[in-house]
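Trainee: Quick one: sequence plus predicted model below, questions after.
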Amino acid sequence: MRTFDAIIIGSGQGGTPLSKKLAKAGWKTALVEKDFIGGTCINNGCTPTKTMIASAKVAYTIANANALGIITNGYSININEVIARKRKVVNSFRNGSQQGVEKTENLTWLFGSASFIDKKKIQVQLKDGTTEIITADKIFLDVGNRPSVPSIPGLEQVSYLDSTSMMELTEIPSHLLIIGGGYVGLEFGQMYRRFGSEVTILEQGKRFLSREDEDIAEVVEDFLKKEGIRIVTNAQVTKVEKQSVKLQLTVRINDIDEIIECSHVLVAAGRTPNTDLLNLPATDIAINERGQVVVNEKLETSVEGIYAIGDAKGGPEFTHISYNDYIILTNNLLYNKAETTLGRMIPYCMFTDPQLGRIGITETEARKKGLPIKVAKLPMEKVARAVETGDTRGVLKAVVDAETGKILGAAIVGEEGGEIMSVLQMAMAGGITYKTIADMIFAHPLYAESLNNLFLNLE
């Protein structure tokens, strides 16, 4: 049995930098990874999807080029080349991350699957077929999650796709049906619609994008439907069957059964934490009803010296949150700080085209809490840069404190909506009021300059 100062299980966007940071600080560190360095983000999440979305964006631009005076002779989609480019980008990111790990002193990389055999003892089934037992006083769980498979009669008997296998499909579906109307489903739906598929998206909830204000959700739904995507809410799949060369789904929509035929089914109905692979019953580590590791505000589990970061602990499941978890842990463990997860701002961006960038509180949440607020809105058709580039889809919206003038939240739907949102995030972090932004000098004609007019609406 080898003894380390720290063991990190999982090499995601929190685990990898954490392992390197601890090793460079003199800790004898082990990093255990069963698949590929980089975790979900690099290998089958952010990096590959956004790479393929870029190809779909080019297709959309060409298809709509006539409106800008550019006459094209048509185009075709080479899905094999799209996938090849995606693989090249992923391999580049993955190899760079792996090389960084391998070059770090005091850091041992174990390629295999880890599971507990005692509170602080871990068995690693190495890829070479051997087994090793390791132990450490500090253990960090960064095991991430995987696509969930809903319990639908007949689903397991057909060749359905998930968000990972979808990106290796070397044919363009004639009709792609997506189970799940969340951000993953919408990004894939728009992507494959632009590649030429008929697309139907089924959302189980009664509201489309229920985490967003209704007016924001309506803007997103509108531009997706204008591209020819069918979006159905309050839809529950009750049966899946194979019919000749097609798949047939029985879908209960508003309490009425409808039969929908398609060529391919993509399941994008949430994700399941990989904690079930760790043999947690061998420890006293508490998990919740969803299988997520329970942690306190300092990311500590119910066992002293064991921590959890990233998606496996629940909460906002974003790459940037996992990375911030790493920052909190290293500041506390190496620099004796007392940082916590309490009160941290949670930005996110949905990479449809146009994007939806979000930060802070929504108008709906603010009104439920009875906060004194003012709401600023500006349609993208009033933004000079949007008019000039020929894409006026979207809206800017911000919620401000009516008494202090500080920004409480924002939703930006538009070209580079995430970048505009980030400007407001920095303003929120610095306590800058909307009046200051309304009078601020921005370079003309940036998208960010639209923030002048957005907040002048409140004057």
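Mentor: Right, received. Where do you want to start?
Trainee: Looking at residue 399 now. What's its pLDDT?
Mentor: In this model, residue 399 is scored at 98, pLDDT.
Trainee: Return the distance of the residue most central in space within the chain relative to residue 347.
Mentor: With distances taken as Cα atoms, centre = their mean, residue 318 lies nearest the centre of the chain, 5.0 Å away. Between residue 318 and residue 347 the distance is 8 Å, computed by Cβ to Cβ, to the nearest Å. Yep, even glycine has a C-beta here, placed from its N, CA and C like the rest.
Trainee: which residues sit in contact with the residue nearest to residue 389 when sequence neighbours are not counted?
Mentor: On the basis of Cβ to Cβ, 6 or more residues apart in numbering, the spatially nearest residue to residue 389 that is not a chain neighbour turns out to be residue 415, at 6.8 Å. Under the criterion of Cβ atoms under 8 Å, 6 or more residues apart in numbering, the neighbours of residue 415 are 353-355, 380, 386, 389, 391, 394, 447.
Trainee: What are the boundaries of the strands in the stretch 1-150 of the chain?
Mentor: With strands called from DSSP state E, counting those that start in this stretch, the stretch 1-150 of the chain shows them at 2-9, 29-33, 107-116, 121-126, 131-141, 145-147.
Trainee: Would you tell me which one of the ones you listed is buried the most?
Mentor: strand 29-33 (a mean of 27; mean count of other Cβ atoms under 10 Å).
Trainee: In the chain, which helix is the longest?
Mentor: helix 79-102 (DSSP state H).
Trainee: Just the angle for that helix relative to strand 29-33, thanks.
Mentor: 160 degrees (axes from the mean of the first three to the mean of the last three Cα atoms, to 10 degrees).
Trainee: Which residues are in contact with residue 458?
Mentor: Taking Cβ under 8 Å, 6+ apart, we find residue 458 in contact with 374, 376, 400, 434, 438.
Trainee: Most neighbours among those, please name it.
Mentor: residue 434 (27 neighbours; other Cβ atoms under 10 Å).
Trainee: From residue 243, how far off is that one?
Mentor: Between residue 434 and residue 243 the computed distance is 56 Å (Cβ to Cβ).
Trainee: Domains in this structure, by residue range?
Mentor: In the domain annotation for the chain, the residue ranges read 2-146+272-335, 155-269, 348-456 (automatic domain parsing).
Trainee: Save those as a markdown table, and put in distance to residue 342 too.
Mentor: As requested, the domains of the chain are arranged in a markdown table below (distance: least, Cβ to Cβ, whole Å):
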| stretch | distance to residue 342 |
| --- | --- |
| domain 2-146+272-335 | 5 |
| domain 155-269 | 21 |
| domain 348-456 | 15 |
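Trainee: How many residues are close by residue 397?
Mentor: Counted with other Cβ under 10 Å, the neighbours of residue 397 add up to 24.
Trainee: ok now do it, which residues does it touch?
Mentor: 213, 215-216, 363, 375-378, 410-412.
Trainee: among these, which are in helices?
Mentor: Cross-referencing those with the helices (criterion: DSSP H) gives 215-216, 363 as the overlap.
Trainee: Return the member of those residues nearest to residue 310.
Mentor: residue 216 (27.2 Å; Cβ to Cβ).
Trainee: follow-up on the earlier one: and of the contacts of residue 458, the nearest to residue 322?
Mentor: residue 400 (30.2 Å).
Trainee: Would you mind measuring from that closest one to residue 211?
Mentor: Separation of residue 400 from residue 211 (Cβ to Cβ): 20 Å.
Trainee: cool, residue 56 as well?
Mentor: In this structure, residue 56 lies at 24 Å from residue 211, with Cβ to Cβ as the measure.
Trainee: Now that residue 287 has come up, it's in contact with residue 295, right?
Mentor: No: under the criterion of Cβ atoms under 8 Å, residue 287 makes no contact with residue 295, lying 10.4 Å away.
Trainee: which residues sit in contact with the residue lying closest to residue 18 once chain neighbours are set aside?
Mentor: Counting by Cβ to Cβ, 6+ apart, residue 326 is the residue found nearest to residue 18 once chain neighbours are left out, at 4.6 Å. Each residue near residue 326 by Cβ under 8 Å, 6+ apart is listed here: 13-15, 17-18, 21, 309.
Trainee: ok, the closest residue to residue 332 other than its chain neighbours - contacts?
Mentor: Of all residues beyond its chain neighbours, the one nearest residue 332 is residue 339 (5.8 Å), with distances taken as Cβ to Cβ, 6+ apart. Applying Cβ under 8 Å, 6+ apart, one finds that residue 339 lies in contact with 298, 327-328, 331-332.
Trainee: Can you pull the poorly scored residue ranges out of the stretch 201-350 of the chain?
Mentor: Of all residues in the stretch 201-350 of the chain, none has pLDDT under 70.
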